[in-house]
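Novice: sequence unknown, structure follows:
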C-alpha cells in the first residue's frame, strides 16, 4: 500500500532513513516515533530525526498496528527489487505456520520486528540484526563503491580496523571526530547511533571475511 508521510498516524515505526550528514547520504534502519505535531523523533535519543537538508524517510513500518505492518512512504530504493515477492502474504503465512509458530509468545512490537526482518532478506526466518547487516553490506557495495575489487586492495587489516572503530565507539554519545584507530580519511567516519554503528561494524566484518576467503581461495 503506497502512503504519503502526511497520511501516517502518530505512533511507533521502524523506518528506512536517509541522513544527508555532511552532504553524503547514509541510509539505515532505525526506530522512530511520529508525534501528534508531525515530528519524527528517534526512539533511542528522543531527538528530532530531520537535521540536515536532504534528510528523508524512505520507508516506514508501523509497529503498534499489525494491520499496517508494511507501509511504503516514498519511492523505492535502488535495491527494492530484491525485497519484492510475487505473493508476500502467501510467503509470510507459509513461514508463520501453525507448526513452527515463529511469532508465538512475542508482543506486537517484537513480532513486527521479527516479521519485518523475515521480509527484508527474501523471506528467510532470520533476526532483524542479521537482515540489517546484510542490507548495510549491500549498501556499502552499491552506494559507497566498496566492491570486492576495492576491498582486495586493503590487505593490511584496514577493513577490520574500521569495523573495530565503529564497534569500540558505538555507544559514545557523540564522536564526530575520527578516532586514531580509524584507517581512512576523516570524511569517511560516520558515527551515528549505537545500533547503527554496530550494524556498520558487522557489515565491515563480513567484508573482511570475504576478502580473506578470496585471498586464500585455491
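Specialist: Sure thing, it's come through. This structure is a prediction, so every number in the text was calculated from the model and none was measured. Numbering: from 1, shown residues only.

Novice: contacts and neighbour counts: CA atoms only from here.
Specialist: Noted.

Novice: mind checking the SS state of the nearest residue to residue 60 once chain neighbours are set aside?
Specialist: Of all residues not flanking residue 60 in the chain, residue 15 sits nearest, at 4.3 Å (Cα to Cα, 6 or more residues apart in numbering). Put simply, residue 15 is strand when judged by DSSP: H, G, I helix; E, B strand; the rest coil.

Novice: Neighbours of residue 15, how many?
Specialist: Counted with other Cα atoms under 10 Å, residues neighbouring residue 15 total 21.

Novice: With residue 200 instead?
Specialist: Look at residue 200: counted by other Cα under 10 Å, it has 25 neighbours.

Novice: Could you pull up the residues touching it?
Specialist: Residue 200 sits next to 133, 136, 137, 163, 166 when contact means Cα atoms under 8 Å, 6 or more residues apart in numbering.

Novice: Identify the bridge partners of residue 26.
Specialist: Beta-bridge partners for residue 26, by DSSP bridges, are residue 19.

Novice: Please verify my assumption that it contacts residue 52.
Specialist: No - checked against Cα atoms under 8 Å, the pair residue 26 and residue 52 is beyond contact range at 11.7 Å.

Novice: between these two, which one's more packed in?
Specialist: Neighbour totals were compared for residue 26 and residue 52, and residue 26 leads with 18 against 12 (other Cα under 10 Å).

Novice: before we move on, the earlier item: can you name the residues bridging to the residue nearest to residue 60?
Specialist: residue 30, residue 60.

Novice: That one touches residue 49, doesn't it?
Specialist: No - Residue 15 is beyond contact range of residue 49, at 11.0 Å (criterion: Cα under 8 Å).

Novice: Okay, strands next: where are they in the chain?
Specialist: Ranges of strands within the chain are 11-19, 26-34, 40-42, 56-62, based on DSSP state E.

Novice: what comes into contact with the shortest one?
Specialist: Here strand 40-42 makes contact (Cα under 8 Å, 6+ apart) with 30, 31, 32, 33, 34, 35, 47, 48, 49, 50.

Novice: try it again with 7 Å
Specialist: Under the contact criterion Cα atoms under 7 Å, 6 or more residues apart in numbering, strand 40-42 has outside partners 31, 32, 33, 34, 47, 48, 49.

Novice: got a list of what the second one touches?
Specialist: In this case it means residue 32. 12, 13, 14, 15, 40, 41, 42, 43 are the contacts of residue 32 under Cα under 7 Å, 6+ apart.

Novice: which one in those is the model shakiest on?
Specialist: On pLDDT alone, residue 43 ranks lowest of the contacts of residue 32, at 76.

Novice: And the residue lying closest to that residue once chain neighbours are set aside, how close does it get to residue 211?
Specialist: Using Cα to Cα, 6+ apart and skipping the chain neighbours, the partner closest in space to residue 43 is residue 32 (4.8 Å). Residue 32 sits at a distance of 35 Å from residue 211 (criterion: Cα to Cα, to the nearest Å).

Novice: related to what we said a few turns ago, okay, and the common contacts of residue 26 and residue 52?
Specialist: Listed as contacting both residue 26 and residue 52 by Cα under 7 Å, 6+ apart are residue 20.

Novice: Straight-line length of stretch 39-58, end to end?
Specialist: With Cα to Cα as the measure, stretch 39-58 spans 15 Å from end to end.
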